[in-house]
Every structure is written in C-alpha cells, then in structure tokens.
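Q: Here you go, sequence then predicted model.
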Amino acid sequence: MGATKSDLFTPEQNEIASLLKAIAHPARIAILEYLIKVDTCICGDIVNELSLAQPTTSQHLKELKNAGFIKGSVEGTAICYCVDKMAVARIQSYFAGISIQIENKDNQCC
C-alpha cells in the first residue's frame, strides 16, 4: 500500500493539523466556548444553547471528541462532555513556539 499524504509530515504536524481541523468550524468553537463556560454539560444542553439540531450537534461533538478536544463520560442515559485541557495546552504550546520563533527572526518580510 502506498504512503498517504499525512505520512509526509511529522507526527506533531499531523497532531496539530487534526486539532486545528476539529475547531475549524464556528459551531465547534461555540461548543468549546459553551463547555468552558459551564465546565461540563450534556448534549441536550448544547442543543438548547446553540439552537442546532440534535444530530448536527452530535456530529460536531463527535469531531471534537475524535480530535481529543473534549472528553465524554456516560451518566445514566446521557453523555456528559467537558473540554480536555491537555488538547488546549497542546495548541497553546504550538502557537507559543511559533511566536517565539517569529520574535527571534531579524529579517522583515514584505
């Protein structure tokens, strides 16, 4: 089997791309902001807050969970979601590193 395009990049580059892709939708950003505000909640709460259809909300939650941005735990018949602080720290660290590299550059572009 041939190499996939993701094989051309480092594991770190693939990880960051996956995280950024997961939040590259306004509904997912709104979900993250809501989860941060309330600390933890159930899918139905998010549906009510964002006025999205339940299947749409579930799909966005699935994408965020698959990327590692949120965690879910079963509570009775519902899944309770919260933000995974490690994923946020990973993105923060990545952009902090880029900022340091840019600040250390002497040359000016454009």
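A: Noted; the coordinates are in hand. Numbering: from 1, shown residues only.
Q: Okay, buried residues for stretch 77-91 please.
A: Within stretch 77-91, the residues that count as buried by 16 or more other Cβ atoms under 10 Å are 79, 81, 83, 84, 87, 90. The way it works is simple: take the backbone N, C-alpha and C, and place the C-beta from them, glycine included.
Q: Is residue 24 in a helix, a strand, or coil?
A: coil (DSSP: H, G, I helix; E, B strand; the rest coil).
Q: So which of the buried residues of stretch 77-91 is the closest to residue 16?
A: residue 90 (7.6 Å; Cβ to Cβ).
Q: From the contact counts, what lies against the helix or strand hosting that closest one?
A: Using DSSP states H and E, residue 90 sits within helix 85-103. Contacts defined by 3 or more Cβ pairs under 8 Å, 6 or more residues apart in numbering; DSSP states H and E place helix 85-103 against helix 11-22.
Q: ok, and what's touching the helix it packs on?
A: Outside helix 11-22, the residues that touch it by Cβ atoms under 8 Å, 6 or more residues apart in numbering are 6, 9, 28, 63-64, 66-69, 87, 90-91, 94.
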